[in-house]
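In: Here is my input; please provide its structure:
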Amino acid sequence: MAGAHTGLCRVTFTSHLPWWRSGVPWQPGRILPRAWARCQPPSDGGVSTSAGQGQRVGVREERVSGELGTPGARRGMETLFREQPETGNQYLEDAWLRSYLRTHLPAKVLQEVDRDLERFGHRLLTQIRALGWECELNPPVLRQYDAWGRRVDHIITCSAWRRMKEIAAEEGLVAEAYERRYSNWSRLHQAVKLYLFSSSSGGFNCPLAMTDGAAKVIESLGTPGSLKNAFGHLTSRNPKKFWTSGQWMTERRGGSDVANGTETVARKQPDGTYRLYGFKWFTSAADSDVTLTLARVVDAEGQGSGGLSLFFLKVRDEEGKLNNIQVQRLKDKLGTRQMATAELWLDGAKAELISAEGRGVASISNMLNITRIHNVIGAVASMRRMLSLSREYARRRVAFGKLLKDHPLHVQTLARMEVQTRGAFLLLMDIVRLLGLTETNMASEQDQLLLRVLVPAAKLYTGKQASAVVIEAMESFGGQGYMEDTGLPVIVRDALVLSIWEGTTNILSLDVLRSLSKSQGQAMATFLSSVQRKLDLASSAGGLEPAVRQMRAALGRLEQFMRAAGSKGALTMELAARDFSYTLARIYTGALLIEHAARPDASSTDIATARRWCSQELCPVALELDNGSYEVEAALLDGALVDGGSPACSSRL
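Out: Sure, this is the predicted structure:
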């Protein structure tokens, strides 16, 4: 065993894993590695250490500095501790969120929701953030066998993770949307709470997304009697009754092509239930109580039905034993490590068919809509959280003789991130508003068409925005942003999954095209008229003329693209799908920002946000069409560029 002195304390190396991930509990008197501070919940949701701990370390460093006789070093260390960004109640500090709620919510609803969100913001600050940090430091582990060699497949989660589940029930983070206390505004109330909760949840926002999706599927089926009890558990506010749901779709082939990639089969039993057999390669929230999953119904001879069917199953029986399920291993992921994601083998798992046979993919579309909206919530929340911390750091950190906030270039960078975050937030809120109308039978046909187009477009676009913004924000901290014990890398890692989970950017771009094609042009007409209406209402607002002009020009170029693409083959639209989806997201977001800035009580920064958003390239699909990017020749050149360096292409065999 080798020991080494590194600054303040002696580090003893006994394992490749840091002690907080080794599963070995710390004992009083044990020699700690230098990064021991990471094991304490940070005072600000993952940035630096708690106040008391910081004081203890500060005293130690001051003593060491004093012994070395270097007062300059002591001053430097003291300055470092003062630079820790500190944010308060997230709700009260989010002026953009509060201005949106004041603008859109009815007075009585606003009064109650405002009170609830302020209370919840305080709970996030004083309780939930510390629990979220514990979840990061104590990821789930799999215990496959007990001491006597019996297979148990026990996924062990930390107490903080289990407490998060209780808090989710107490706060009604799923229930709020289904109780509909505020009619069509209930879904928006829920979304705002999830937005505030997301970055402090220690990854628990992910199982909540799937739980919400499962509840939505059951509700869309008319809440059949056999599922009424399950629906009650999924939407309960009672921590002792609340269930979470998984979503078991991806199999060994992986990816979004579940229709062709699903190998799991279902065999009907004499009692009317089914037994499922197959391998689920990627199951999020594997510790959940129940799940929805796809399988192909087969007869006694093994002949399968034409399509997949949707099944509901409980993960464990009344005695707590797994439902003929084996946990092969937990996934070793880049991010979202707080949540158990596993490979599962179903060996006769008892399940209930809840869709028409062969109509499982269509039945689960409601779940995908909800989970994609949750994905947008997570994206916007990660941007807001990182930007809030960056702003506070800029008010404390001194560089080159002055605070970062007094360096114009640094402030310009933060402002650009702020514009992206504000735009993404309004896009999220409008989708949730449309969903609330749909769920309460108040949506027009145009509202429903618009929602169908905006969900995949928003999911793909905000996923990319989040990756760019959180990485830029991490850079704004300099070297501190790269340090694990600040908690900043956690936010970055967890944000990177957002462009992958529930469909990659390209898959969702094609889904946008499908939604437009399925409506036979009505959805596109609705999109254009909705944007035009917002511009017309804002055309006389002072200071917005440049933004409105740029938006009208972008709409014109988009319509020209649609006409030109209509005369070309299917390859043109497939190659244009990604740029086309970006165009829809940018144009619609610009219209929302202009609408928000046209309010009578809008501020100068509201107007500046709209103008800055609209100064970017709003219609990249038209630009790339002019560049010839969607021609057959371009596609052939793409292939040559990609394959040109391939060993297979250069082989002489």
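In: Spell out the residue ranges of the strands in the stretch 301-450 of the chain.
Out: 309-314, 325-330, 342-353, 398-399, 402-403 (DSSP state E, counting those that start in this stretch).
In: Okay, helices next: where are they in the stretch 101-250 of the chain?
Out: With DSSP state H, counting those that start in this stretch as the criterion, the stretch 101-250 of the chain has helices at 107-123, 129-137, 159-170, 175-179, 186-198, 205-220, 225-234.
In: Redo those helices as CSV? Include distance to Val453, mean pLDDT and mean neighbour count.
Out: Placement of C-beta: from N, CA and C, glycine included. Compiled in CSV, those are given as follows (distance: least, Cβ to Cβ, whole Å; pLDDT from 0 to 100; neighbours: other Cβ atoms under 10 Å):
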stretch, distance to Val453, mean pLDDT, mean neighbour count
helix 107-123, 27, 98, 15
helix 129-137, 34, 96, 23
helix 159-170, 31, 98, 19
helix 175-179, 22, 98, 21
helix 186-198, 18, 98, 25
helix 205-220, 19, 97, 25
helix 225-234, 28, 96, 16
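In: between these, which gets nearest to Gly639?
Out: Relative to Gly639, the nearest member of these by Cβ to Cβ is helix 205-220, separated by 36.8 Å.
In: packing partners for the closest one?
Out: helix 175-179, helix 186-198, helix 225-234, strand 245-250, strand 274-284, strand 290-298, helix 365-394 (3 or more Cβ pairs under 8 Å, 6 or more residues apart in numbering; DSSP states H and E).
In: now the end-to-end length of stretch 278-296.
Out: Chord length of stretch 278-296, first to last residue, is 10 Å (Cα to Cα, to the nearest Å).
In: Just want to check the distance between Leu437 and Leu451.
Out: To Leu451, Leu437 is 9 Å away according to Cβ to Cβ, to the nearest Å.
In: So for those two, which residues contact both of them?
Out: Ala443 (Cβ atoms under 8 Å, 6 or more residues apart in numbering).
In: Neighbour count for those two, which is higher?
Out: Leu451 (23 against 19; other Cβ atoms under 10 Å).
In: can I assume the more buried one sits in a helix?
Out: Yes. Assessed with DSSP: H, G, I helix; E, B strand; the rest coil, Leu451 lies in a helix.
In: Use 16 as the first number for this chain going forward.
Out: Taking 16 as the first residue, the last one we looked at is Leu466.
In: excluding its backbone neighbours, what's nearest it?
Out: Leu449 (4.3 Å; Cβ to Cβ, 6 or more residues apart in numbering).
In: surely that neighbour meets Leu464?
Out: No. Checked against Cβ atoms under 8 Å, the pair Leu449 and Leu464 is beyond contact range at 9.9 Å.
In: Show me whatever sits in contact with both of these two.
Out: With Cβ under 8 Å, 6+ apart, Leu449 and Leu464 have no common neighbours.
In: what about Ala315, how many neighbours?
Out: 7.
In: Which pLDDT value belongs to the nearest residue in space to Pro222 that is not next to it in sequence?
Out: In space, not counting the residues next to it along the chain, Pro222 is nearest to Ala300; the distance is 3.8 Å by Cβ to Cβ, 6+ apart. In this model, Ala300 is scored at 92, pLDDT.
In: which stretches of the stretch 266-415 of the chain aren't confidently modelled?
Out: Under the criterion pLDDT under 70, the flagged ranges of the stretch 266-415 of the chain are 266-276.
In: C-alpha coordinates for stretch 623-633, PDB please?
Out: Taking Å, rounded to 0.1, in the frame of the first residue of the first chain, the C-alpha atoms of stretch 623-633 are listed here in PDB:
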ATOM      1  CA  ALA A 623     -33.900  43.100 -26.800                       C
ATOM      2  CA  THR A 624     -34.400  39.300 -26.400                       C
ATOM      3  CA  ALA A 625     -36.800  39.100 -29.300                       C
ATOM      4  CA  ARG A 626     -34.600  41.300 -31.500                       C
ATOM      5  CA  ARG A 627     -31.500  39.300 -30.700                       C
ATOM      6  CA  TRP A 628     -33.300  35.900 -31.400                       C
ATOM      7  CA  CYS A 629     -34.600  37.100 -34.700                       C
ATOM      8  CA  SER A 630     -31.200  38.400 -35.800                       C
ATOM      9  CA  GLN A 631     -29.900  34.900 -36.200                       C
ATOM     10  CA  GLU A 632     -30.500  32.700 -39.300                       C
ATOM     11  CA  LEU A 633     -34.100  31.900 -38.800                       C
END
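In: Check the offset of that stretch from the chain's centre.
Out: Its chain's C-alpha centre and that of stretch 623-633 lie 25 Å apart, by Cα atoms, centre = their mean, to the nearest Å.
In: next one: stretch 518-528
Out: Using Cα atoms, centre = their mean, the offset of stretch 518-528 from its chain centre is 17 Å.
In: List the buried residues of it.
Out: Buried residues in stretch 518-528, counting neighbours by 16 or more other Cβ atoms under 10 Å, are found at Gly518, Thr520, Ile522, Leu523, Ser524, Leu525, Asp526, Val527, Leu528.
In: for the helices of the stretch 116-265 of the chain, which one sits closest to Pro635?
Out: Of these, nearest to Pro635 by Cβ to Cβ is helix 201-213, at 27.7 Å.
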